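In: Here you go, sequence then predicted model.
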Amino acid sequence: MLGVKVTILRYIGGDPQPGVVECQLEDATGKRWLFIEKTAIVSSTANLDDKTNYPQAGTIACEVVRRSRESGDCEIVRINTERPWHVESIDGSTEFDVVADSLIDLS
């Protein structure tokens, strides 16, 4: 399974358990997308709370839709965050173009 790197910006609250955080994904064009998601979905650190120092590194699991090469040698990857955990940005978007270096293996 692949994941895309995100920045966990702040803790929103403890309901539902184990808590909810605001995250940011920066796409290949520099646009920033915001997500409100459960801590267990975006971080393997189970103890994120209102006492944690932010920002923190996080990931959102995703699937690759397609890969392409831009001018130069930059690989752009279209990802979909709907599978496996039904994650979407606050505006409902689930597909994003990101640089290949922002993907990590979650297996």
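Out: Structure received.
In: All the helices of the chain, residue numbers only.
Out: Counting by DSSP state H, residue ranges of the helices within the chain are 39-42.
In: and stretch 44-63, how far apart are its ends?
Out: Between the opening and closing residues of stretch 44-63 we find a distance of 19 Å, counting by CA to CA, to the nearest Å.
In: what does it rub up against?
Out: Residues outside stretch 44-63 that contact it (CB atoms under 8 Å, 6 or more residues apart in numbering): 1-11, 14, 18-19, 21, 23, 25, 35, 37, 39-43, 79-81, 83-85, 87, 103-104, 106. In this view, the C-beta of every residue, glycine as well, is placed from N, C-alpha and C.
In: again, but for stretch 19-38
Out: Residues from elsewhere that reach stretch 19-38 (CB under 8 Å, 6+ apart): 4-14, 16, 18, 39, 42-43, 48-49, 58, 60, 70, 74, 76, 87-91, 93, 96-99, 102.
In: For beta bridges, what are the partners of the residue nearest to the spatial centre of the chain?
Out: Relative to the mean C-alpha position of the chain, the nearest C-alpha, by CA atoms, centre = their mean, is the one of Ile60, at 3.7 Å. Applying DSSP bridges to Ile60 gives these bridge partners: Val4.
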